[in-house]
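[1] structural data only, the sequence is not supplied:
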Ligand code: ASP
């Protein structure tokens, strides 16, 4: 059993010791709860469970605490990929729900599994998700003072369960101040991808992650025989010509776990089968 979770990028300047400790505590707490959950649940359910807890923490930019776009609205994106069935489901630019990842979960049983904008929001309400504002006081102040937020990031989770099944889940509030309608990487196969060999969740500048086809490239390289570390090395090398800004967490069927970042620093916590590691 393996679990890795990430809380996106946090710049050094946004990291007072107090915030660092809060994030460490939140990540370790969510990791512990997810380990317990994984004992009786599969990789897909656990990746959704962990991501929903990350969405519920205002410390991270997903669900509660999501960033605000140019027009003052919050639009969120989230996706799940089941490495066994190869099913990918997601919502892009959904509004007014607490947990976009739960809407992505509902979509797993549909033929139409990725919904965007108004369609995604309408679907959520039709399915009984209550209207919920994920705006926090902190994000609102940043928006009103036009202060670019360098201190909150997308969240994600990758899991290997006791039956050797893999899954990835990712959720984001976007980059903040974006043009309404912008599509980030998080609910695409560049930002979230898994098959029976490897599962990857990304964070960073969505446009760079899409250009680098990050998650899909890492998974494909592992599938074609690369060691996980080498798949990361080659894929991150390919971001360099355009100074791509990205980070990723991954787990493989053989139990290997790995993370990397092009710039400091992605915050994450992992359980490698024996012990916990937290990196903030
Ligand atoms: N990837 C997200 C986006 O570009 C942001 C992030 O990961 O911090 O919308």
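    Yep, it's here. Nothing here was measured: the structure is a model prediction, and the numbers come from that model. Numbers count the residues shown, from 1 in each chain.
[2] any idea how far residue 197 is from residue 121?
    Remark: distance between residue 121 and residue 197 (Cβ to Cβ, to the nearest Å) = 35 Å. All C-beta atoms are positioned from the backbone trio N, CA, C, and that covers glycine.
[3] quick one, which of those two is more surrounded?
    Counted by other Cβ atoms under 10 Å, residue 121 and residue 197 do not tie: residue 121 has more neighbours, with 21 against 18.
[4] low-confidence regions, the stretch 51-200 of the chain specifically.
    Along the stretch 51-200 of the chain, segments meeting pLDDT under 70 span 148-152.
[5] near the ligand, which residues of it are found?
    Within reach of the ligand by Cβ under 6 Å from any ligand atom, the stretch 51-200 of the chain has these residues: 153-154, 172, 174-175, 184-186.
[6] need the max-distance pair from those.
    153 and 185 (12.6 Å; Cβ to Cβ).
[7] list the contacts for residue 173?
    61-63, 65-67, 74, 76, 134, 152, 154 (Cβ atoms under 8 Å, 6 or more residues apart in numbering).
[8] mind listing the strands for the stretch 151-280 of the chain?
    Along the stretch 151-280 of the chain, the segments classed as strands by DSSP state E, counting those that start in this stretch run 155-160, 166-172, 192-194, 198-204, 246-252, 257-261, 266-271, 276-279.
[9] quick one: strands adjacent to the third one?
    So that's strand 192-194. strand 198-204 (antiparallel) (DSSP bridges).
[10] which helices and strands does the longest helix seen in the chain pack with?
    Counting by DSSP state H, the longest helix found in the chain is helix 17-39. Applying 3 or more Cβ pairs under 8 Å, 6 or more residues apart in numbering; DSSP states H and E, one finds that helix 17-39 makes contact with strand 2-9, helix 43-56, strand 155-160, strand 266-271, strand 276-279.
[11] what angle do the third one and strand 198-204 make?
    Okay, so that is strand 155-160. Between strand 155-160 and strand 198-204, the angle comes out at 170 degrees (axes from the mean of the first three to the mean of the last three Cα atoms, to 10 degrees).
[12] right, and the ligand sits closest to which residue of the stretch 1-150 of the chain?
    Relative to the ligand, the nearest point of the stretch 1-150 of the chain is residue 8 (4.5 Å; Cβ to the nearest ligand atom).
[13] once you drop chain neighbours, what's closest to that residue?
    Nearest residue to residue 8 in three dimensions, chain neighbours excluded: residue 153, at 1.4 Å (Cβ to Cβ, 6 or more residues apart in numbering).
[14] got the contact list for the one you found?
    Residue 153 makes contacts with 6-10, 60-61, 203, 266-267, as judged by Cβ under 8 Å, 6+ apart.
[15] now do the same end-to-end measure for stretch 8-21.
    Length of stretch 8-21, first residue to last, Cα to Cα, to the nearest Å: 16 Å.
[16] residue 274 - how many residues pack around it?
    5.
[17] my bad, should have said residue 34
    Residues near residue 34, counting by other Cβ under 10 Å: 24.
[18] how near is it to residue 165?
    15 Å.
[19] what comes up buried for stretch 68-77?
    68-69, 74-77 (16 or more other Cβ atoms under 10 Å).
[20] just checking, residue 8 touches residue 59?
    No: Residue 8 is beyond contact range of residue 59, at 10.1 Å (criterion: Cβ atoms under 8 Å).
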